[in-house]
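Engineer: Got a predicted structure here, sequence first:
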Amino acid sequence: MTYCVAVRVTDGLVLLSDTRTNAGIDNISRFAKMFTWEVSGERAIGILCSGNLSITQGVITRLNKAIEKSADDPEIETVLNAESIYRIAELVGEAMQAQQDRYRESIQAGGAGADAMILVAGQRAGGRHRLFMVYSAGNFVEATDDTPYFQIGEHKYGKPILDRVLRIDMPLEQVVKAVCVSMDSTLHSNLSVGMPLDLAVMRADSFAFQTRERIEADDPRFIAISREWGERLRAAFRTLPGMTAAP
């Protein structure tokens with residue numbers, strides 16, 4: 001499995017994913033689930049993937065092949081020349097549909113699941129920064145001010161902290177802390193999610209990822225957040241009012 005989270009606030013976008021792929025207790029591998037593209041000063045796009053790895057890798061391959069072909073034929077539409085982030089979400093949905101139509105039946109006949117989900121985030125010049133969640137069927141929904149984040153994969157362990165703290169006007173630095181705590185909670189509760197992590201941060205109207213890095217298991221910043229969060233949770237628990245026994 002995997003855990004990916006993306007947040008859209010007024011200040012910009014934050015994306016975080018793990019890299020563990022689990023095909024059984026004796027077949028655990030590491031694969032990147034975050035992919036980014038940039039056109040300097042014009043657009044930046046990030047994609048996070050979960051679900052059937054062959055499906056999501058096929059989607060990314062289709063997107064990259066279109067970019068390669070557009071070098072000789074500018075009429076080919078790609079994530080680098082599409083008119084909007086909405087249209088890019090459509091292109092991802094179309095690639096997802098194509099992969100599902102071609103492979104879903106044979107994958108399921110072999111006893112595996114073909115479902116997959118993809119998060120699409122980014123901004124292009126002349127538009128606002130946006131965040132979409134693309135489903136297996138190729139359809140998608142967009143994040144709103146009321147629901148400024150999406151999760152895919154093993155999302156339940158990291159959801160409570162996001163529901164409690166995320167706000168549309170939260171500074172990006174605070175959002176990064178929130179998604180790291182969310183990931184830390186998931187890492188502690190689910191062995192199918194694992195380090196290292198991939199992090200990307202884009203400030204609104206910059207059309208570039210100011211942060212695009214891999215966080216290893218020995219990263220002192222992540223270790224400090226994990227340790228401090230655990231200690232403060234235990235301290236808060238000790239100070240909670242007690243429950244009186246029912247009469």
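Structural biologist: Looks like it arrived, so ask away.
Engineer: can you map out the helices along this structure?
Structural biologist: For the chain, the helices defined by DSSP state H occupy 53-70, 85-109, 159-165, 172-189, 220-238.
Engineer: Return the set of buried residues in the longest one.
Structural biologist: Across helix 85-109, burial judged by 16 or more other Cβ atoms under 10 Å covers 85, 88-93, 95-97, 99-100, 104, 107. Placement of C-beta: from N, CA and C, glycine included.
Engineer: That helix vs helix 53-70, what angle?
Structural biologist: Helix 85-109 runs at 140 degrees relative to helix 53-70, counting by axes from the mean of the first three to the mean of the last three Cα atoms, to 10 degrees.
Engineer: what's helix 85-109 packed up against?
Structural biologist: If you count contacts as 3 or more Cβ pairs under 8 Å, 6 or more residues apart in numbering; DSSP states H and E, helix 85-109 packs onto strand 43-51, helix 53-70, strand 116-124, strand 130-134, strand 140-142.
Engineer: Identify the residues contacting the shortest one?
Structural biologist: So that's strand 140-142. Residues external to strand 140-142 that are found in contact with it (Cβ atoms under 8 Å, 6 or more residues apart in numbering): 86, 89-90, 92-93, 120, 130-134.
Engineer: Give me the sheet partners of it and which way each runs.
Structural biologist: If you go by DSSP bridges, strand 140-142 pairs up with strand 130-134 (antiparallel).
Engineer: Now that residue 194 has come up, it's in contact with residue 188, right?
Structural biologist: No: between residue 194 and residue 188 there is no contact, the gap being 11.4 Å when judged by Cβ atoms under 8 Å.
Engineer: Looking at these two now, which is surrounded by more residues?
Structural biologist: residue 194 (20 against 14; other Cβ atoms under 10 Å).
Engineer: Nearest to residue 154 among the helices and strands packed on helix 85-109 would be which one?
Structural biologist: Evaluated over these, closeness to residue 154 peaks at strand 43-51, with 8.6 Å, by Cβ to Cβ.
Engineer: Sheet-wise, list the partners of that closest one with their directions.
Structural biologist: The pairing partners recorded for strand 43-51 under DSSP bridges are strand 34-39 (antiparallel), strand 116-124 (antiparallel).
Engineer: pLDDT averaged over the shortest one - what is it?
Structural biologist: Predicted confidence along strand 34-39 averages 98 (mean pLDDT).
Engineer: Also stretch 200-208?
Structural biologist: Stretch 200-208 comes out at a mean pLDDT of 98.
Engineer: Okay, and the beta partners of residue 36?
Structural biologist: residue 46.
Engineer: could you list every residue that touches it?
Structural biologist: Residues in contact with residue 36, defined by Cβ under 8 Å, 6+ apart, are 44-47, 200, 209, 212.
Engineer: just residue 31 next, same as before
Structural biologist: 19, 21, 53.
Engineer: Skipping adjacent residues, who's closest to the last one in space?
Structural biologist: When you say that, I think you mean residue 53. Excluding its sequence neighbours, the residue lying closest to residue 53 (Cβ to Cβ, 6 or more residues apart in numbering) is residue 21, at 5.8 Å.
Engineer: residues contacting the one you found?
Structural biologist: Contacts of residue 21 by Cβ under 8 Å, 6+ apart are 2, 28-31, 53.
Engineer: Tell me which of the helices and strands packed on helix 85-109 lies nearest to residue 233.
Structural biologist: That would be strand 43-51 among the helices and strands packed on helix 85-109, by Cβ to Cβ, at 26.8 Å.
Engineer: Any chance you could give me that closest one in CSV, C-alpha atoms only?
Structural biologist: Below are the C-alpha coordinates for strand 43-51, written out as CSV (Å, rounded to 0.1, in the frame of the first residue of the first chain):
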residue,chain,number,x,y,z
ARG,A,43,3.6,26.2,-14.6
ALA,A,44,4.4,23.5,-12.1
ILE,A,45,2.5,20.2,-11.7
GLY,A,46,2.8,17.5,-9.2
ILE,A,47,1.2,14.0,-9.2
LEU,A,48,0.8,11.5,-6.4
CYS,A,49,-0.2,7.9,-7.1
SER,A,50,-1.6,5.0,-5.1
GLY,A,51,-3.1,1.6,-6.0
